[in-house]
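Q: Quick one, fold the following:
(one chain, ligands or ions: 1)
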Amino acid sequence: MHTPTSLLPTIHHPRSVERLVQGRATQDGAGVKLTRVLTHELQQRLDPFLLLDAFGSDSRDDYIAGFPDHPHRGFETITYMLEGRMRHRDSAGHEGLLESGGVQWMTAGRGVIHSEMPEQEDGRMEGFQLWLNLPAAEKMRAPWYRDIPAGEIPEWQGEGVQVRVIAGRSNGVQAPVQREATQPLYLDIHLAAGAGLAQPVPATHHAFVYVYRGALMLGGQEVAAQQMAILAQTPASDGIELVAQTQGARAILVAGRPLREPIVQYGPFVMNSKAEIAQAVDDYRSGRLA
Ligand code: CO
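A: Numbers count the residues shown, from 1 in each chain. Sure thing, here's the model as predicted:
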């Protein structure tokens with residue numbers, strides 16, 4: 001707990017909302033029900049972010065099948081568990097248990113094969129998986145992995161606001177993982193009714209806010225639960241201002257520096273060209289991916 005609200009930065013030109021996106025119900029893995037919020041069509045617009053899935057269910061049938069062994073190449077996955085337990089194992093020899101409030105950050109690089117399986121038989125499972133692209137020069141780097149338990153995620157509190165800093169920096173509080181090329185900012189924001197947050201974000205960075213409880217006001221527009229607000233690229237803007245509606249709100253704010261490189265995705269592989277995708281598929285089929 002750090003700072004009184006009076007020390008928060010002032011945003012002179014807050015961003016407005018360019019458009020609201022409603023997530024799309026889908027299934028992935030062995031039949032896990034989830035909401036795909038950041039879809040394929042938005043990859044250029046929200047570069048360097050490639051995908052955001054929101055999952056949340058009290059019903060075991062919606063999640064129990066999990067995500068058995070599958071490959072990735074060319075990007076990073078950041079899984080944030082609000083509630084629940086998931087066991088992760090990968091071909092680089094990493095294993096970890098992701099629990100409520102924790103984050104698992106995995107850099108696939110040239111390739112991993114991993115599984116993500118629920119380690120609970122019932123109860124609620126809720127959270128997010130965000131895909132962050134790697135620059136061309138790092139797509140074939142060695143895989144990397146880090147579990148960040150709830151207690152190691154830095155946070156700060158002000159009047160009616162609590163911010164957990166998963167990536168980047170907020171109000172002087174720095175996250176444990178930083179990325180030079182994409183400079184990701186990933187905040188989990190809890191606001192009491194009427195409370196607000198001012199967060200500086202460079203005008204050139206792409207940014208979005210996804211509300212998962214309650215509703216908030218952003219650039220004069222109401223953003224309701226299960227909606228993603230894509231924030232406008234306004235050249236003179238210096239940040240983002242949001243205020244909770246009467247019932248309070250919880251939301252994630254995600255921003256990053258666009259890579260402006262070609263994006264070619266085929267399922268779990270994200271590269272810069274079709275030839276690199278063909279290589280990834282070939283490597284996977286012949287057992288050379290990981
Ligand atoms: Co995966």
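Q: Outside of stretch 14-22 itself, list whatever touches it.
A: Residues from elsewhere that reach stretch 14-22 (CB atoms under 8 Å, 6 or more residues apart in numbering): 37-38, 42, 198, 201, 207, 218-221, 223, 226-234, 237-241. Backbone N, C-alpha and C define where each C-beta goes, glycine included.
Q: List the ones among those residues that fall in strands.
A: In this view, these that belong to strands under DSSP state E are 37-38, 198, 207, 218, 221, 223, 227-231, 239-241.
Q: In PyMOL, select just the buried ones from these.
A: In PyMOL, a selection of the buried entries from those looks like this (16 or more other CB atoms under 10 Å):
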select buried, resi 37+38+198+207+218+223+227+228+229+230+231+239+240+241
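Q: how about Tyr80, what does it touch?
A: By CB under 8 Å, 6+ apart, Tyr80 lies in contact with 102-103, 127-130, 166, 186, 188, 252.
Q: and the strand or helix carrying it, average pLDDT?
A: Applying DSSP states H and E as the criterion places Tyr80 in strand 75-83. The pLDDT scores in strand 75-83 average 97.
Q: Given that strand, what are its sheet partners and their directions?
A: Counting by DSSP bridges, the strands paired with strand 75-83 are strand 103-107 (antiparallel), strand 125-133 (antiparallel).
Q: Need the contact partners of the last one.
A: In other words, strand 125-133. When contacts are defined by CB under 8 Å, 6+ apart, strand 125-133 is touched by residues 38, 47-57, 62-63, 74-84, 86, 118, 179, 182, 184, 186, 210, 252, 254, 256, 259, 263, 270.
Q: again, 7 Å this time
A: Strand 125-133 is contacted by residues 47-57, 63, 75-84, 118, 182, 184, 252, 254, 259, 263, 270 when judged by CB atoms under 7 Å, 6 or more residues apart in numbering.
Q: Now, of these, which are buried?
A: Buried subset of the contacts of strand 125-133 (neighbour count, 16+ other CB under 10 Å): 47-57, 63, 75-82, 84, 118, 182, 184, 252, 254, 259, 263, 270.
Q: Phe49 pairs with what?
A: Note on Phe49: beta-bridge partners Leu132, judged by DSSP bridges.
Q: Could you check how far it is from Met117?
A: Plainly put, Phe49 is 25 Å away from Met117 if you go by CB to CB, to the nearest Å.
Q: Same question for Gly102.
A: 16 Å.
Q: ok, and the closest non-adjacent residue to His70?
A: Leaving aside its sequence neighbours, His70 sits nearest to Pro268 (CB to CB, 6 or more residues apart in numbering; 5.9 Å).
Q: rewinding a little: among the contacts of Tyr80, name the buried ones.
A: Buried by 16+ other CB under 10 Å: 102-103, 127-130, 166, 186, 188, 252, out of these.
Q: Strands of the stretch 151-290 of the chain, residue ranges please.
A: With DSSP state E, counting those that start in this stretch as the criterion, the stretch 151-290 of the chain has strands at 155-158, 161-167, 169-170, 173-174, 185-191, 196-200, 206-218, 221-224, 227-231, 239-256, 264-266, 269-271.
Q: which regions of the stretch 1-150 of the chain lie under the pLDDT threshold?
A: Applying pLDDT under 70 to the stretch 1-150 of the chain flags the ranges 1-8.
Q: What segments of it are strands?
A: Using DSSP E, counting those that start in this stretch, strands in the stretch 1-150 of the chain cover 17-22, 24-28, 32-38, 49-57, 67-72, 75-83, 86-90, 95-98, 103-107, 112-118, 125-133, 144-148.
Q: Run through the neighbouring helices and strands of the last one.
A: Read it as strand 144-148. Contacts defined by 3 or more CB pairs under 7 Å, 6 or more residues apart in numbering; DSSP states H and E place strand 144-148 against strand 103-107.
Q: Identify all contacting residues around the strand it packs on.
A: Outside strand 103-107, the residues that touch it by CB under 7 Å, 6+ apart are 76-80, 88, 96, 98, 112, 143-148, 153, 166, 177.
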